[in-house]
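>>> sequence and predicted structure, then a few things I'm wondering about:
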Amino acid sequence: MAERHAGRWEVTYRTGNAAPYRARHRAVEISLASDDVDALDCALAAFEPPPSARPYVLCRQAA
């Protein structure tokens with residue numbers, strides 16, 4: 001599962017946590033956690049990050 005989502009997500013496992021399966025998006029500041037690896041897999045497959053504004057595109061006001 002971690003290899004399948006490695007392009008977008010860093011997936012880790014932490015023993016002893018209530019939600020040991022964790023995923024951090026590589027491009028935006030979003031993290032997910034679950035106690036069920038299949039549920040996390042489903043969430044990562046369905047997740048689409050919000051569109052980001054491009055800072056170099058400026059809006060021009062009509063003169």
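The structure has been received and is ready for your questions. Residues are numbered from 1 along each chain as shown.

>>> tell me, how many residues neighbour the spatially closest residue to residue 13 that is not a sequence neighbour?
Nearest residue to residue 13, sequence neighbours excluded (Cβ to Cβ, 6 or more residues apart in numbering): residue 20, at 5.4 Å. From N, CA and C alone the C-beta is placed, and that goes for glycine too. By other Cβ atoms under 10 Å, the residues close to residue 20 number 16.

>>> likewise residue 47?
The local packing of residue 47 (other Cβ under 10 Å) involves 14 other residues.

>>> so where is this protein shaky, pLDDT-wise?
Across the chain, the ranges flagged by pLDDT under 70 are 52-63.

>>> helices of that one, start to end?
Taking DSSP state H, the helices of the chain run over residues 37-46.

>>> can you give me the strands for it?
Secondary structure of the chain (DSSP state E): strands at 9-13, 21-25, 31-34.

>>> just put the ones you listed in TSV and tack on distance to residue 1 and mean neighbour count.
Output for the strands of the chain, formatted as TSV (distance: least, Cβ to Cβ, whole Å; neighbours: other Cβ atoms under 10 Å):
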stretch	distance to residue 1	mean neighbour count
strand 9-13	7	15
strand 21-25	9	18
strand 31-34	11	15
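
>>> taking the centroid of this protein, which residue is nearest it?
residue 25 (3.2 Å; Cα atoms, centre = their mean).

>>> from residue 11, how far out is that one?
According to Cβ to Cβ, to the nearest Å, residue 25 and residue 11 sit 11 Å apart.

>>> and the residue nearest to the centre of the chain, how close does it get to residue 43?
11 Å.

>>> again, but for residue 4
13 Å.

>>> neighbour-wise, which of these two wins?
The neighbour count for residue 4 versus residue 43, taken as other Cβ under 10 Å, is higher for residue 43 (14 against 11).

>>> contact partners for the more buried one?
When contacts are counted by Cβ atoms under 8 Å, 6 or more residues apart in numbering, residue 43 is found next to 32, 34.

>>> switch the cut-off to 7 Å
By Cβ atoms under 7 Å, 6 or more residues apart in numbering, the contact set of residue 43 is residue 32.

>>> next: residue 29.
Not one residue lies near residue 29 by Cβ under 7 Å, 6+ apart.
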